[in-house]
Every structure is written in C-alpha cells, then in structure tokens.
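>>> Sequence first, then the predicted structure, then my questions.
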Amino acid sequence: MKSLLDVFLDNPIIIKHVRSRLRPSQFLPTAFVVFCFCVAILWTGVSLGAGSALASGFTLSLLLGLGSLILALGGASQVTTSVGQAKESGILDFHRVSPLPASTVAIGFFLGAPIREYALFAITIPFALYAAASSSTGLVEYGSILASQLLSSWVLHALSLLVALISKRPRATGQGILVLLVIGFFSTRGLFGWATSVLGSTDEPGKLNFFGFFLPWIAFLALYEGTALFFLLIASTRKMRAERAHAYSKPLALGFMGSAVTLALGAFWSLPTGNGYVVPSCIYLFTIVGLILATTVTPDLGEYLKGIRRALRSDHRRAPIFSDAASNQFVMYGLAGLTAMGSTIAWEAIEGMPEGGRYAYSQAVALGTFVVAYYGFGLQYFLLRFGKRGASYFGLFLFLVWLLPLMVALAAGISMSSASTTIQSILAVSPLAGIMLSITGGIEGASVDSVRFAAVLPAVSLAFLFHFMLTALQRKLDREIRSLDVTGKPKFIPLAELAPR
Amino acid sequence: MISVRDLRVDYDNFCAVSDVNLEVGPGEVCGLIGPNGAGKTTTMRAMLGLIEPTYGEIEMAGVDMRDRPRDACRLLGFMPDNPPMYDDLKCWEFLDLFAASYGIPRARRRTVVTSHLELVRLSAKADAMVVELSRGMRQRLMLAKTLIPDPKVLLLDEPASGIDPQGRIDLKNILRDLASRGKTVLVSSHILTEMQEFCTSVAIMERGRMVVSGLIEEVNQRVLGAAAVFVEVLGTAEAFLRIVGEDPLAGEITQVNGLYSFRYAGGPDEAAELLASLIRAEVRVASFAPKKEGLEDLFLKVGAKELS
C-alpha cells in the first residue's frame, strides 16, 4: 500500500513538476488572473439576478466552462509540451535507465505536467460551489459534474501523453485545436445530449442504460472513460518503457477490441428494435477500432527480421505469435473475428431485423470483417515487402481502393446526373461508402445484388490475396534469414590476424 | 563488472553491431574507441537497455540486463555526450530528482545532494537554475547526477567534452578514485591522449565489430608487437648498425632525419644491455629512447588493418 501511495505522493516526476511549474513568481500572476475572471463571472451572475436560479445556472455554466478550459485544454497542452521536451532533449532516456518503473514515470508526467492547471482549476471550485448551491443544480449534482470534468480531462491528458510519446516531434498546438474541438462538442452537449436522449431512462432521469441496467450517468461515464483511460495509460507506460515498443502488445490489442465491442453493445443493448442505425454504427465503429489496432500491432521489416534472428538463436522458426516482432497475422484473425462477432450480436440481439430483406446486414458484417482483415494483412505485406517505403505504398493503395472510387463515382454522377447501378457499384468498391450501400442495397432504382456484390467482392478478394501474399513473403524472408545466418554471418576478426607478422 | 557476449543489434535491415564480446572487470577503466559510426553508442545504449538487442547477453555486475532490467539499472550510472537536463530546475533540485528516482530515502537526499555538489565543485551554484550553467558546469552537474546512486558500473560517453582544464583534472581523479574503489568504468571518447591517462584497458570497435579488447599492455603487445626504439648517433654509425643488426631481438633499422629507429622485442634489461654494448663499442649515443606507444598508435594500427 505504501509503494502504491508513493507512486503519487513521492513520485519524483510529480515533485519535479511541482517545483518547476508552481514557482510563486510564475504561478501567482496567472492565479490572480483566474481569480479575477471568477470574481467577474460571479459578479455578472449576481448582477443579472441576485438569488435567481437561472442566473446562478448561467454563472455555474460559465465557471464550469472556464474550469474545463484551464484543466482540459491547458492541461493537455502542458502534458504534450512537457513530454515532448523531455523526449526531444533525451532526458526521457535517463528516466528509462533509472530504476523508477515506467508506470511511475508515466503517472508522473500524466499528473505532474498539468500541476499548475490543477491549481488554477482549484481556484474556480469555491466560486462554482457557490453558484451550484444558489442554482437548481445543487451541491450533489455539482459533485458529479466535477467528477465528470476530472474524468474527461484525464482522458484528454492521457491521450496527449500517448500522442506525445508516439509522435516524432510532439507539439502542443495541433492537439490544442483538437482538444478545443472536443470541448466545443461537449459544451454544446452534442454527444452527451444525444446519449441522454437515446440511452437514458424515461422513468429514472439521469440514468443511462448499460446491458439493460440503468446506471447513474456519472457511473456510466466512469465506466466508459475509465476504460479509455486504462488503455491509454497502458499504452503510454509501454512507450515510456521503450521508445520502439508498440503502443499495444497483441493480447492487449485484442483486449482493447473486446472492451470496445462490449462497451458499444452495452450502450445499445436496450434500444428499441428496428431503429436502423445500431448495426451500421457498430460496423463502422468496430471497423475503425480494428484498423487502428491493426496499425499499432504490425511490426515493420526491421522488427520482423530481428524476431526471426532472435528465434533462430533459440532454435525456433519464428518469433512467438504474441511478441511485438511477430507478424500480425494471428492477431488479425482475432480483430476481424471480434468485428464479425460484435456486429452480428448487434444485428441478432439488438436490432433483430429479418434476414434477406433490403435491410439485411450479412453482407455489411462480412464487408466490415474483411476490410479489417485485408487492411491488417495488406499493411503487414507492404511493410515486409518494401521496408521503409512500405507505409507510403500502403497509403497509395488505400487511396486507390478507398478514395479513388468515391472520386470516380462522384465525377461520373455529376456528368451523368443520375445514380445508376454502375455509379453506385463504383461507389460501393470503397468500404467508406460500401458498408452503408451493402446495407441499403443502394439508392432506389439500382440493382441491389450488383451494388452488394461490388461492395463485398473487393474486400473478400483482397483479404485472401494479401493473406496468401503475406504467407509466401514470410516464408521467403524466413528462408533468406536462415541461409544468411549460416553463410553470411559477419566475420569476426581474430586477434591473431592483427598481430604483426 | 561488465560482460557482453555475442551482442548483435539491428536497425531495420542494417546490422549496426555484430558479434560484440567485451569483459571489463571491477576496478578497470576501459576506453571504448572507434571511428564515427563504429557502433560505440549503439553498444552503450544496448548495455543500458535503451535498445533491445537482436540477441546477445549483457550482464552488469552479475545482473542480467534482459531478465532483471530494473535491478541492473540500480547498478548503472550513465553520462551521455551533450547531457540533456531540466533547465527549469535548480541544480540541487535536479540532483534531488535523480536521488529520488534511485530510491534514496527522503531523509538522506539532502546530504547526498550536497556532498555530490561539493564533489564536482558546484556547491556555490546549488540554488542556480540549470539553464544558467555553462557547458562545462552542466557536464560536471551531470557527472554528479551519474554518481548519485553510487553505481557499480559507469558508462560515460565523451565525459570530458566541454570541461575546462581543472574540470578535466577533477574528472580524471574521480575516475581513478572510482576504479580504486572497485567500480567498473567504460568510457567512450575521441580524445585518446586523455583516455590513455586513466584507462587500464581498451576496446576498439570498427564497423560494428569489436576488433580487439583487453588490458592496454596486452593489446599493445599483441597488436603493435615489439616496442620501437629511437637512437640518435653522433658521428659514424657503422658500429651502431653492426651491433644492433647482430642483436636477434632487434628488427629492421630505419633512418629518418638522422634518427635511427628499430623494433626491439626485448624487455628493459635487454635494452639496457644493448645500450651498454653500444657505449663499450664507443658509439657516440646522444639519445636512446624506447617510444611509449599509446592508444592513438594502437587505434591507427588497428583501424588501418581493418580498412585495408
């Protein structure tokens, strides 16, 4: 218990940030500015209507906005800056070679870098408390809002930490805009408002559905954001331990995918049948998550060859299938399988649509599954076949298969001014549109079978083609390395050769 | 001690280090030398666990780097060239950060930090911000940081770079002192003349391979063979050429600018006897000096051999 507490209380990285970021000469002027802002907001609220719940609610919203701006936006930016500087200067390597566990270092940057923002955020709390007590929100509800603010900020901080550790040249500005957009989205209550209206209980306001159980919204949020936080911090810890490590190990990637599928299904579980958007949403979501995870677990040529050489030293043919250096082939079966399983459960157990109708999902589920598979196999093939140029060539391949059909179909659609079967079939070749077109069977007037065929055929063909090519390439590389190890081993110069003759 | 066996490191498709074997015992200061791109830094980074080797075994003071990396890290001190620092900390705060990182109890940290600031003559700068330090002072502060956990093994990459003459003398004394206390030190540097003053062993790398390693005297003997002797003879050299030519321990005699030189396989006693023979034969010897060959000669010899 003591060591767990020490991770927070005697964490050298947190102490470092407390010392460098809370020096009175730097902290006090900013604190004074925030204090003045809070006083101004509260004064405005009081002036608008002393004691009125509406005015207090408005004041509270402004104070919450200010707090979120400081903690989420400022904090995330600080995490990126702090980790970026440590990485670029090389001092992160000192932490890597110190006996401090990587998790402690990651927690240190995660909680320490935004330490000034926590202190500034704390200044807003008494003002927000006063406004909450005066408004209809109440102190208990304010407690939940405060917790949600912290949770959401932590997710953003963890995301910034991971991005900073992955990026070659991390910069806070680009992410700042992203964070601003996220805050903007949340502040309009877009996603949360949608979630409350769709997933909320009509009988018990403030509760959200999870696999049929209605949870208080803060518990629901904690479940989802807690899971995100866990996987982000795990990845950050791995990257903190070794720069060249993959963000996720192969079992972790499968765990991530499983969790994403479970959480998505959990949220959609008790929705009324026949709503028409659960399955498409699930297929798109699972496919995107599958693609991201496939990218994180795919080794490049150098890693793969290193794995074979290491395996040969210990009399094995290849690296263990779950090691970072192993080909992504086996984990892709898992990711594609989870995509298929999750989408099918969404179809069978939630949406419950009859088979064979216009809105049948079997082709769309297959399409999502095979897209995940061919993306993973294709990426692995390109990286092993073309080395450092592989990623660029794979990008070109994705452009040809995913974007070009959209552009061709758009151009043809404009010139022909009609949505013919041919145009829709071209459009369906790209999975971006293909998933939805294979569900709807295209716009009225098009041949349903042709459109579905055009959507599914490339995905299935490419999955099998890349699988075959990848297997053949792996065998070729294995043979080459084995023969090199016997005949091409770099020669060691014996000392005798150096002695004078 | 440091023990590296069959180390190989690959970057993508490029083999940076191959078949590297190195043993550095306690109390030894080993100079790791080689031209740019020879693989010195890669070898050091692999020893530190910053690069995962393709294969090979690395032990630091008997602890396997791959099996127990955290235990091995406790025994290691590392000082890179151009040391990175937290510029927004004070000098004592910087040392305190690493004292805490190496698990030194809070109650002892202040004393440890103060003593190490004294060791590198930076006590007066304890409250100065790191950003205000000169390059040499930063190097000294980094040395203090490296020594804070009292490591059994020290890996130093260009430690004297940017340090003023007094700092260099201090560094040499510190390294000698560490060696005398049984620490193992591996130093990578291009300033071979300086390394010669404190290194007891040498490891020469070339194109990713360890060309030769061992105690300096042994390696010198093996690689350079007999020591070179330079003799200045006044007047006729006929008797000199005859006596030296008849000595079975002497090699071929060459003459450059009136100075004769030859390789001599004998020890100090045999050399003294040869000089006495020359004097007895009334050869007018103005100087008789066996040349002390250093790391530079060794490096040039090995490098030339490798490249040829």
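It's in. Numbering: from 1, shown residues only, chains lettered A, B, ... in the order given.

>>> the strands in the stretch 151-300 of chain A, which residues?
Using DSSP state E, counting those that start in this stretch, the strands of the stretch 151-300 of chain A run over residues A:207-210, A:213-216.

>>> hey, C-alpha coordinates of the first one in CSV?
Output of strand A:207-210 as CSV, limited to C-alpha atoms (Å, rounded to 0.1, in the frame of the first residue of the first chain):
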residue,chain,number,x,y,z
LYS,A,207,-29.7,7.2,-15.6
LEU,A,208,-28.2,5.5,-18.6
ASN,A,209,-28.7,2.1,-20.0
PHE,A,210,-25.9,-0.5,-19.9
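
>>> where in the chain is pLDDT low?
In the absence of a named chain, this looks at chain A. For chain A, applying pLDDT under 70 flags the ranges A:1-3, A:50-51, A:53-54, A:170-205, A:273-275, A:353-359, A:417-419, A:441-446, A:485-501.

>>> The chain in question should be chain B.
Applying pLDDT under 70 to chain B flags the ranges B:224-225, B:292-293, B:302-308.

>>> Just give me how far the lengthiest helix in chain A sits from the chain centre.
In chain A, taking DSSP state H as the definition, the longest helix is helix A:448-487. How far helix A:448-487 lies from its chain's middle: 27 Å, per C-alpha atoms, centre = their mean, to the nearest Å.

>>> Same list as before, the strands of the stretch 151-300 of chain A that is, but in CSV and with distance to residue A:82 and mean neighbour count included.
(Glycine included, C-beta is placed from N, CA and C.) Listed next are the strands of the stretch 151-300 of chain A as CSV, based on distance: least, C-beta to C-beta, whole Å; neighbours: other C-beta atoms under 10 Å in any protein chain shown:
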stretch, distance to residue A:82, mean neighbour count
strand A:207-210, 35, 21
strand A:213-216, 35, 16
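
>>> Assess the claim that residue A:385 and residue A:473 are in contact.
Yes - Residue A:385 sits in contact with residue A:473 when judged by C-beta atoms under 8 Å, with a separation of 5.8 Å.

>>> ok so, going back, distance to residue B:177 added to the strands of the stretch 151-300 of chain A, as JSON lines?
Converted to JSON lines, these look like this (distance: least, C-beta to C-beta, whole Å):
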{"stretch": "strand A:207-210", "distance to residue B:177": "65"}
{"stretch": "strand A:213-216", "distance to residue B:177": "65"}
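
>>> Any idea which of those strands gets closest to residue A:25?
Nearest of the strands of the stretch 151-300 of chain A to residue A:25, taken as C-beta to C-beta: strand A:213-216 at 43.7 Å.

>>> Now render the strands of the stretch 151-300 of chain A as a markdown table, adding distance to chain B.
Converted to a markdown table, those look like this (distance: least, C-beta to the nearest C-beta, whole Å):
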| stretch | distance to chain B |
| --- | --- |
| strand A:207-210 | 39 |
| strand A:213-216 | 40 |
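
>>> how about the ones you listed, which one is nearest residue A:46?
Closest among those, using C-beta to C-beta: strand A:213-216, at 31.6 Å.

>>> Tell me, how many residues neighbour residue B:263?
17 (other C-beta atoms under 10 Å in any protein chain shown).

>>> and it, that's in a helix?
No - according to DSSP: H, G, I helix; E, B strand; the rest coil, residue B:263 belongs to no helix; its state is strand.

>>> For it, give me its contacts.
B:225-229, B:250-252 (C-beta atoms under 8 Å, 6 or more residues apart in numbering or on different chains).

>>> Just grab the bridge partners of it for me.
residue B:228 (DSSP bridges).

>>> Could you pull up the contacting residues of residue A:78?
Contact analysis of residue A:78 by C-beta under 8 Å, 6+ apart lists A:21, A:113-114, A:116-117, A:172.

>>> Make a markdown table out of those and add neighbour count, distance to chain B and secondary structure.
Below are these laid out as a markdown table (neighbours: other C-beta atoms under 10 Å in any protein chain shown; distance: C-beta to the nearest C-beta, whole Å; DSSP: H, G, I helix; E, B strand; the rest coil):
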| residue | neighbour count | distance to chain B | secondary structure |
| --- | --- | --- | --- |
| A:21 | 20 | 8 | helix |
| A:113 | 30 | 12 | coil |
| A:114 | 29 | 15 | coil |
| A:116 | 22 | 12 | helix |
| A:117 | 25 | 16 | helix |
| A:172 | 20 | 16 | helix |
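
>>> near chain B, which residues of the stretch 51-200 of chain A?
A:89-91, A:93-101 (C-beta under 8 Å from any C-beta of the partner chain).

>>> Try it again at 7 Å.
Proximity of the stretch 51-200 of chain A to chain B is confined to A:89-91, A:93, A:96-100 under the rule C-beta under 7 Å from any C-beta of the partner chain.

>>> In those, find the pair that's most separated.
Applying C-beta to C-beta across these, the maximum distance is between A:89 and A:99, 21.0 Å.

>>> okay, how far is it across stretch A:259-279, tip to tip?
End-to-end distance for stretch A:259-279, by C-alpha to C-alpha, to the nearest Å: 17 Å.

>>> So for it, what gets flagged as buried?
Within stretch A:259-279, the residues scored as buried using 16 or more other C-beta atoms under 10 Å in any protein chain shown are A:259-269, A:271, A:278-279.

>>> quick one: it to chain centroid distance?
Distance of stretch A:259-279 from the chain centroid (C-alpha atoms, centre = their mean) equals 19 Å.
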